[in-house]
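Peer 1: coordinates only, sequence not included:
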């Protein structure tokens, strides 16, 4: 899936969830997206020195690579995946409701319980 397609699908799903009274799912996902994707990166570290001629800072020799935590923006495809997963998990948690059809079956295909 292309990034522009993912962006369109994200907005459509977000609108559908919000229209269905599930805007809290969209808000939670958007909050997570705003924080960024947490990744582990390697960076060179060392003491900073000022270059006498240029006056610019540079990392002194003897640098070593260390692992650091950083955040990067989510791609549009990753954003869509987050929203789909959050919606699926939330709907599973709250339980899907079955609605009766005139045929006497539910949207899940089961027989609707008889009421007295």
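Peer 2: It's in. Predicted model, so just to flag it, every value in this text is computed and none were measured.
Peer 1: how far away is the residue nearest in space to the middle of the chain from residue 16?
Peer 2: By Cα atoms, centre = their mean, the mean C-alpha position of the chain lies nearest to residue 82, the distance being 3.4 Å. The gap separating residue 82 from residue 16 is 16 Å, by Cβ to Cβ, to the nearest Å. Heads up, the C-betas are built off the backbone N, CA and C, glycines and all.
Peer 1: Just confirm residue 12 is within a helix.
Peer 2: Yes. Checked against DSSP: H, G, I helix; E, B strand; the rest coil, residue 12 lies within a helix.
Peer 1: That one: how many residues sit nearby?
Peer 2: By other Cβ atoms under 10 Å, 11 other residues sit near residue 12.
Peer 1: heads up, I number from 641, so please use that
Peer 2: That works, and once the first residue is 641, the last one we named lands at residue 652.
Peer 1: Now the phi/psi pair for residue 662, please.
Peer 2: When read as degrees, to the nearest 10, the backbone of residue 662 gives phi -120, psi 40.
Peer 1: Done for today, thanks.
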